[in-house]
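Engineer: Predicted coordinates and the sequence they were generated for:
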Amino acid sequence: MGCPPYNPWLLKKFNAHINVEVCASVKSVKYLYKYVYKGHDVASVKIQKEGALDHDEILSFVEGRYVSAPEAMWHLNEFNLSHKSHTVVRLAVHLPQQQPIVYQDGQEAQTIERAALRKTTLTSWFELNKNDPSDHNISYSDIPQYYVFDKSTTNWKKRQRGGQNVIERLPVVSILDTERYYLRMLLLRKSGAISFNDILTVNGLRCITFQQACQGYGLLRGDQQWHDALNEAAQFQSPRQLRMLFAVICGFGEVEDVPDLWVQHQVSLCEDFVHRYSEQTGPHYALADIEELLTSYNLSLQKLHLPTVDLPESVLERANFDVVEEQAKANSYTMQLNSEQRNVVEILLSAVYNNAADTPKCYFLDGP
């Protein structure tokens, strides 16, 4: 189990654990943002009959909210809770007639009818290019810098003021969602498209799939697309998520040179293990983890011509142990226990933490 860094002086002054780390790079953001958005502590008390299990997760969330004195003071004085320097515009990436819609029970038909009349940011971009050819040189990802999407009319309208503080965002698409993945790739590069068919047309020939269109535009030569995917993911995903993506790419991506892909992205793929162990042993743990992930695709390190490692399964399980994540799971599961289950857990945990020689270490639990 890893021990987070701490400062003894701060521990004594504030009588609380304070995790202290130096953020020496912008790369730290992908680790820090999880703490910012994980939410505050909650507590809920309920009296119920012994042996009865009555857990309403939604109600517990609402009733469990605790407002501390500093937070109450901040709200009462109407101080700013956050500051945003840029506007983030999320652009839709969907296949033809597959835009997501939200409906209430019993109103499915009416919602579908309304959705057929409303345009998404993508289909509205097609219409803008069709009606205003002068803006054909603006790509989909750059359009929010020059236009504002009016949600009431679902149309792009020309900006009256500059769009310098605008960040465009296309959602991440898994390679498992093949056609959307390649459509996203095309939208990042092709400008002036007036329809999905236009995107599928390369040099006057209409392709059947967006993957074929990417090949026609020369976007799939070599393994550059996979290098781009891993480079982009490394900016916001954890090393474990990167290794999962690496395994998916190897299983579905038709990579030409897997060893080179590993070498080029080894630093990002091994970052957590190198931090926990060393630069020499970290890659071995990462490869062992990738080996386990590849079994889902009937692949192995040997089949992909990657360096093979031989680590005991018990060692690998400890290596993948995330203290914060496991503690969150434990707290969540504990809230769902009934009184008898909670009693068993408390007895077992007491035995684990009690090192006295006379403490029983063997228990038998029978579930009828």
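Structural biologist: That came in fine, so what should we check first? Residues are numbered from 1 along each chain as shown.
Engineer: Quick check: the gap between residue 159 and residue 41.
Structural biologist: Between residue 159 and residue 41 the computed distance is 43 Å (Cβ to Cβ, to the nearest Å). C-betas here are computed from N, CA, C, even on glycine.
Engineer: So those two - more neighbours on which side?
Structural biologist: A direct count of neighbours by other Cβ atoms under 10 Å for residue 159 and residue 41 places residue 159 higher, at 13 against 9.
Engineer: wait, isn't that one in contact with residue 143?
Structural biologist: No: counting by Cβ atoms under 8 Å, residue 159 sits too far from residue 143 to count as a contact (10.3 Å).
Engineer: shaky segments in the stretch 251-368 of the chain?
Structural biologist: 310-323, 357, 359-360, 367-368 (pLDDT under 70).
Engineer: Apply 80 and report the result again.
Structural biologist: 253, 310-326, 353-361, 366-368 (pLDDT under 80).
Engineer: To what extent is the spatially closest residue to residue 118 that is not a sequence neighbour buried, counted in neighbours?
Structural biologist: What sits nearest to residue 118 in space, not counting adjacent residues and going by Cβ to Cβ, 6 or more residues apart in numbering, is residue 154, at 4.9 Å. By the criterion of other Cβ under 10 Å, residue 154 has 15 neighbours.
Engineer: doesn't residue 120 make contact with residue 154?
Structural biologist: Yes: counting by Cβ under 8 Å, residue 120 is a contact partner of residue 154 at 7.4 Å.
Engineer: what's the spacing between the helix or strand that residue 125 is a member of and its chain's center?
Structural biologist: Using DSSP states H and E, residue 125 falls within helix 121-131. Here helix 121-131 is found 29 Å from its chain centre; the criterion is Cα atoms, centre = their mean, to the nearest Å.
Engineer: I'd like to know which elements that helix is packed against.
Structural biologist: When contacts are defined as 3 or more Cβ pairs under 8 Å, 6 or more residues apart in numbering; DSSP states H and E, helix 121-131 packs onto strand 147-150, strand 155-158.
Engineer: mean confidence score for stretch 86-105?
Structural biologist: Mean pLDDT, stretch 86-105: 88.
Engineer: And stretch 55-71, by the same measure?
Structural biologist: Per-residue scores along stretch 55-71 average to 81.
Engineer: now the end-to-end length of it.
Structural biologist: 28 Å (Cα to Cα, to the nearest Å).
Engineer: same deal with stretch 192-207?
Structural biologist: 18 Å.
Engineer: What separation do you get for the residue nearest to residue 118 and residue 145?
Structural biologist: Applying Cβ to Cβ to residue 154 and residue 145 gives a distance of 19 Å.
Engineer: and what of residue 9?
Structural biologist: Residue 9 is 48 Å from residue 145, by Cβ to Cβ.
Engineer: Of the two, which one has the most company?
Structural biologist: Taking other Cβ under 10 Å, residue 9 and residue 145 do not tie; residue 145 has more neighbours (16 against 9).
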